[in-house]
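Asks: The following block contains a protein sequence and its predicted model.
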Amino acid sequence: MTLALALGMLFREALHQTPYQIGEYALFLPLYLASGWGVLSVAGRNIRRGQVFDENFLMAVATLAAIAIHELPEAVGVMLFYRLGELLQDRAVGGSRRSVESLLAVRPDVARVERDGQLQTVSPEAVAVGERIQLKPGERIPLDGEVLAGSAQIDTSALTGESRPQAVEAGGSVWAGTINQTGVLTVRVTRPFAHSSIAKV
């Protein structure tokens, strides 16, 4: 479509000289309808619903006015650029949505905290700074903390993008949203969930 528009612009003067400018209309009107039919359809539906002044209506008015004054290439060009802008916007929104979904996927749901000599399963928000949590292999780490006992390999790719696991042992730190790949860890919580690494992303 872009190539056809470029060729039309190149031979615009010759097309304009055809009887009743039929050559110009024969080339540019199909291009206009192909690029703008979706916009025109949405504008028509919105008008029937009483929703007039939206971007589709304004684009339809602007481009149809250009056609009315015999500026067909401009009408097609404006519509093409508008559709391109919509495409880029949709891609950006889709990327943002996927980013949000990936963050929700790494958000830990539960923590196993030591209380009164027993392990209790609670939400990460319910764990206070200074309490001890236990982490098993394969579990997502729910809170930032300091390792008190045990050693393990930690997958930090969700937070840092680093593909190589990081080794931790007593005295080391772990971060919410990362994954304990090996070993059982006892961790003292150093930050509330609201201020944890995953909450800041």
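Replies: Yes, it's here. None of these values were measured; they are calculated from a predicted model.
Asks: For the protein, which segments count as strands?
Replies: 111-115, 118-122, 132-135, 145-149, 152-155, 166-168, 173-174, 179-180, 185-189 (DSSP state E).
Asks: who does the fifth one pair up with?
Replies: If I follow you right, that is strand 152-155. strand 166-168 (antiparallel), strand 179-180 (antiparallel) (DSSP bridges).
Asks: Adding distance to residue 50, mean neighbour count and mean pLDDT as columns, could you present the strands of the chain in CSV?
Replies: For the C-beta atoms, the positions are set from N, CA and C on the backbone; glycine is no exception. Below are the strands of the chain laid out as CSV (distance: least, CB to CB, whole Å; neighbours: other CB atoms under 10 Å; pLDDT from 0 to 100):
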stretch, distance to residue 50, mean neighbour count, mean pLDDT
strand 111-115, 52, 18, 94
strand 118-122, 51, 12, 93
strand 132-135, 57, 21, 96
strand 145-149, 57, 18, 97
strand 152-155, 54, 20, 94
strand 166-168, 59, 18, 94
strand 173-174, 57, 19, 95
strand 179-180, 53, 22, 92
strand 185-189, 56, 21, 97
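Asks: Reformat those as a markdown table; add distance to residue 62.
Replies: Output for the strands of the chain, formatted as a markdown table (distance: least, CB to CB, whole Å):
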| stretch | distance to residue 62 |
| --- | --- |
| strand 111-115 | 57 |
| strand 118-122 | 58 |
| strand 132-135 | 60 |
| strand 145-149 | 59 |
| strand 152-155 | 53 |
| strand 166-168 | 56 |
| strand 173-174 | 57 |
| strand 179-180 | 53 |
| strand 185-189 | 59 |
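Asks: how close does residue 169 sit to residue 141?
Replies: 15 Å (CB to CB, to the nearest Å).
Asks: Please identify which of the two sits among more neighbours.
Replies: Using other CB atoms under 10 Å, the more surrounded residue of residue 169 and residue 141 is residue 141, with 27 against 12.
Asks: looking at the strands paired with strand 152-155, which is closest to residue 147?
Replies: Nearest of these to residue 147, taken as CB to CB: strand 166-168 at 5.4 Å.
Asks: So which residues make contact with that closest one?
Replies: With CB atoms under 8 Å, 6 or more residues apart in numbering as the test, strand 166-168 has contacts from 147, 151-154, 156, 174, 185.
Asks: for these, which one is nearest residue 90?
Replies: residue 156 (32.0 Å).
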